[in-house]
Structure formats: C-alpha cells, structure tokens
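Trainee: could you look at this predicted model? Sequence included:
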Amino acid sequence: MKKTIVLFLLIFTIPPCYAKRLHPEAEYQKTWCEKRGGVIEYKLSDKTRVDCLLPNMAVEFDFANKWAECIGQAIYYGRQTNRQAACVLIMENGEKDLKYLKRLRRAAYRKGVNLRTFTMKPEHLYIPVKMNY
C-alpha cells in the first residue's frame with residue numbers, strides 16, 4: 001500500500017521535467033523562411049517535411065541542444081530535393097548554446113558533409129514596427 005501511495009504522489013505531484021522554450025520552433029521557422037521567400041513545411045513524396053525549402057537549400061530547424069538531429073534531417077532533405085543541406089540552430093540560451101553550434105560544425109566538418117549553418121535568437125523574431133503619428 002505504501003508503494004502505491006508513493007508512486008501516486010510521484011506521478012501526480014511532481015511537475016513534468018521538460019525544457020521550457022521561449023517560442024515554438026514554428027515561429028522561428030516562419031520568420032526565417034518568409035524573410036527569404038521560401039516554402040514552409042514542403043512535403044516530400046515519402047510524407048516527410050522540409051522545414052524551409054529555398055531554390056538552393058533544404059533547411060532544417062532545431063533547438064541548439066538537438067543539433068545532431070538537425071544534421072541528419074538536413075542531409076536527408078538536401079539529398080531528396082537535390083539542394084544544399086542547411087541547419088538553423090535556435091539559440092535561446094545565449095552563450096550556453098554555443099557548444100552545440102560548435103559540435104554541429106565540427107561533426108559536419110569531420111564527416112566531410114557540405115552543410116550550411118545559421119543561427120536564430122529570440123530577438124530575431126521581433127521586427128520593429130514603424131509608427132507614423
């Protein structure tokens with residue numbers, strides 16, 4: 001009985017452990033891709049989706065700590081679309097996220113992967129509005 005109560009308390013009283021993001025990935029994707037005239041969520045024949053398809057690049061977006069996933073998906077989308085593979089790492093944690101960017105670039109370089117890399121920060125989402133009074 002004690003084990004059941006302890007288990008119940010653990011499951012229902014401890015908040016879930018997940019990374020809180022400042023903005024959803026889709027906001028970064030939309031802002032970056034629209035600025036460059038790309039196609040958002042371009043669907044491939046195998047039902048996978050390229051986050052942003054440009055005339056010369058297939059771009060994958062991921063938060064910095066998911067850098068390895070970004071590489072794999074970008075390479076796949078680049079090959080499927082016959083475009084340059086590219087990753088946009090979302091850097092919401094300032095200097096702390098630089099280690100992930102370095103890992104991504106080092107891994108791509110060591111494997112001889114031709115991968116373009118870009119970064120986005122939360123402040124890149126806000127476009128100042130010109131007010132005329």
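Mentor: That came in fine, so what should we check first?
Trainee: gap between the spatially most central residue of the chain and Cys87?
Mentor: Centroid-nearest residue in the chain: Asp62, 1.4 Å away (criterion: C-alpha atoms, centre = their mean). Distance of Asp62 to Cys87, computed by C-beta to C-beta, to the nearest Å: 7 Å. C-beta coordinates here come from the backbone N, C-alpha and C atoms, glycine included.
Trainee: just Ala58 next, same as before
Mentor: For Ala58 relative to Cys87 (C-beta to C-beta), the value is 10 Å.
Trainee: quickly list what's touching both of the two.
Mentor: Ala74 (C-beta atoms under 8 Å, 6 or more residues apart in numbering).
Trainee: helices of the protein, start to end?
Mentor: Using DSSP state H, the helices found in the chain span residues 2-13, 25-35, 67-81, 98-110.
Trainee: give me the common contacts of Asp62 and Cys87.
Mentor: Cys70.
Trainee: deepest-packed of the helices of the chain, please.
Mentor: helix 67-81 (a mean of 19; mean count of other C-beta atoms under 10 Å).
Trainee: shaky segments in the chain?
Mentor: Along the chain, segments meeting pLDDT under 70 span 1-19, 127-133.
Trainee: run the last query once more with 80
Mentor: 1-19, 126-133 (pLDDT under 80).
Trainee: ok, Ile90 - contacts?
Mentor: 25, 28, 61-64, 119-121.
Trainee: which non-adjacent residue is nearest it?
Mentor: Leaving aside its chain neighbours, Ile90 sits nearest to Phe63 (4.8 Å; criterion: C-beta to C-beta, 6 or more residues apart in numbering).
Trainee: mind listing what the one you found touches?
Mentor: Contacts of Phe63 (C-beta under 8 Å, 6+ apart): 19, 21, 25, 89-90, 92.
Trainee: format the residues you listed as CSV; extra columns: distance to Tyr77.
Mentor: Formatted as CSV, those follow (distance: C-beta to C-beta, whole Å):
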residue, distance to Tyr77
Ala19, 24
Arg21, 22
Glu25, 15
Leu89, 16
Ile90, 17
Glu92, 23
